[in-house]
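*Asks:* okay, structure incoming, though there's no sequence with it:
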């Protein structure tokens with residue numbers, strides 16, 4: 001190995017060390033004594049809120065300067081209120097982090113006029129897990145299986161709030177022939193659970209990892225009060241749902257599969273954390289590194305296990321690629337989803 005090459009290697013390594021040190025110094029100087037606010041697009045008590053608070057309890061120690069981390073709920077319009085706040089009102093100063101429904105990215109791709117943001121402009125930090133959207137029915141309906149649901153002679157009322165609870169039943173109506181009647185206007189899955197318990201609605205669709213934690217008492221109930229999952233997407237390593245029909249297996253036809261797959265892309269980054277457009281790349285890098293370290297932290301993982309939270313880290317860079325895929329869906333698939 002010649003001397004010139006060795007000098008070049010030393011120079012590159014030296015520059016890398018200097019850049020890393022500068023980023024750390026920037027973080028310590030900026031974040032010391034500051035407060036980072038996590039804006040959650042759903043009300044307290046649901047899966048988004050639980051995951052975010054768990055992250056916030058541990059992430060501060062991995063951010064240079066050890067800032068204080070707090071969580072605020074800003075629910076409304078299926079997390080759009082929070083998403084729009086992060087996009088257009090929050091300062092791009094690295095002190096405000098949004099956590100909202102990734103399904104809203106698909107709505108942008110479909111040209112939904114309610115969407116006032118451009119998803120590829122956010123600074124994506126990462127996501128704590130991937131989603132396994134699941135539909136479940138209450139025991140009082142007399143229905144138990146997907147076959148029962150498909151053969152139902154009357155509409156099945158489901159509660160709607162965010163993207164999965166509102167849109168998935170409609171997608172299944174389109175590609176599978178179910179007869180879901182989505183009752184919109186619920187604030188979140190916590191209010192939908194109460195609506196099921198008082199028989200305002202018959203069932204709902206939302207993520208399995210949230211169902212098995214927040215609706216645990218309903219899953220364990222008997223008779224009319226029992227919540228019964230009957231279809232799921234993905235392959236969660238959970239014996240409680242291992243025998244359920246998979247959405248991709250029961251849907252027939254290439255066009256229907258293309259529609260379903262385009263819809264399901266947003267479940268590859270559930271409960272994503274992001275910064276407002278225009279935030280410094282150095283601050284995004286600091287928070288990405290801290291987020292990853294948090295999801296690998298033994299204390300956090302122990303808490304997640306106690307709370308039955310599934311952790312499957314998705315990097316900010318991976319999310320950027322998934323967002324680009326969603327925004328680039330074909331006109332034909334877009335038409336079928338509209």
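*Replies:* Great, that's in hand. A quick note: this is a predicted structure, and the numbers were derived from the prediction, not measured.
*Asks:* I'd say residue 278 and residue 92 touch.
*Replies:* Yes - the pair residue 278 and residue 92 qualifies as a contact (Cβ atoms under 8 Å) at a distance of 3.8 Å. For the C-beta atoms, the positions are set from N, CA and C on the backbone; glycine is no exception.
*Asks:* out of these two, which sits in the busier spot?
*Replies:* residue 92 (16 against 10; other Cβ atoms under 10 Å).
*Asks:* so, low pLDDT: which residues of the stretch 151-300 of the chain?
*Replies:* For the stretch 151-300 of the chain, the stretches with pLDDT under 70 are 162-163.
*Asks:* can you give me the helices for it?
*Replies:* Secondary structure of the stretch 151-300 of the chain (DSSP state H, counting those that start in this stretch): helices at 163-176, 189-197, 208-214, 216-220, 247-250, 254-264, 281-295, 298-306.
*Asks:* and the second one, what does it pack against?
*Replies:* Translated: helix 189-197. Counting by 3 or more Cβ pairs under 8 Å, 6 or more residues apart in numbering; DSSP states H and E, the packing neighbours recorded for helix 189-197 are strand 156-159, strand 203-207, helix 208-214, helix 216-220.
*Asks:* could you name the helices and strands sitting against the last one?
*Replies:* To tie it back to what came earlier, the one meant is helix 216-220. Against helix 216-220 (3+ Cβ pairs under 8 Å, 6+ apart) you get helix 189-197, strand 227-232.
*Asks:* gap between the longest one and the chain center?
*Replies:* Relative to the mean C-alpha coordinate of its chain, helix 189-197 is positioned 20 Å out (Cα atoms, centre = their mean, to the nearest Å).
*Asks:* quick check, residue 74 in contact with residue 37.
*Replies:* No - the criterion here is Cβ under 8 Å, and residue 74 misses it with residue 37 at 10.0 Å.
*Asks:* of these two, who's got more company?
*Replies:* residue 74 (19 against 15).
*Asks:* leaving out chain neighbours, which residue sits closest to the more buried one?
*Replies:* Of all residues not flanking residue 74 in the chain, residue 82 sits nearest, at 4.2 Å (Cβ to Cβ, 6 or more residues apart in numbering).
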